[in-house]
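Asker: Here's a sequence, model it:
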Amino acid sequence: MIEAGSWHPVAVVGLVFSIVALLLGVSTAYLAVRGYLRNGQRPMLFIAAGFVFVLLTPFLLLFSFIIPIADEVTFYAIGAINHTIGLCLILYGLWTPRTSNISKKA
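Answerer: As a prediction, this is how the structure comes out:
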């Protein structure tokens, strides 16, 4: 395993992509929460929660290299569980029918 503190090019690229994934996940969750607060549609809340779960995975993997308190298998299992739960929440939020206050003009 390559240690992040070694400044190996592969470790630095992985660290940069983990930080970018974290920022993209936070911004997407923020936009989904804003959409929920603006429109009051409950599926947007599930989408926001799903992105929070999905963005926790790169965050946890980032800290698994910095603070080694558990073995790799545990962190990868936690990451896979977070990804699965997050994607299920996003799918549920996209699948749930929306109720709209806007009248449909035919």
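Asker: Now the nearest residue to Ile90 once chain neighbours are set aside: which helix or strand?
Answerer: Distances taken as C-beta to C-beta, 6 or more residues apart in numbering place Gly50 nearest to Ile90, at 3.5 Å, with adjacent residues excluded. Glycine gets a C-beta too; all of them are placed from N, C-alpha and C. If you go by DSSP states H and E, Gly50 is part of helix 42-66.
Asker: Now the element after that helix, going C-ward?
Answerer: Tracing the chain past helix 42-66, the next element assigned as helix or strand by DSSP H and E is helix 72-95.
Asker: My guess is Thr28 contacts Phe51. True?
Answerer: Yes: Thr28 is within contact range of Phe51, at 4.8 Å (criterion: C-beta atoms under 8 Å).
Asker: hang on, the earlier thing: and the residue nearest to Ile90, how many residues sit next to it?
Answerer: Residues contacting Gly50 under the criterion other C-beta atoms under 10 Å number 23.
Asker: and it, what pLDDT?
Answerer: As predicted, Gly50 sits at a pLDDT of 91.
Asker: Identify the residues contacting it.
Answerer: Ile85, Gly86, Leu87, Cys88, Leu89, Ile90, Leu91, Tyr92, Gly93 (C-beta atoms under 8 Å, 6 or more residues apart in numbering).
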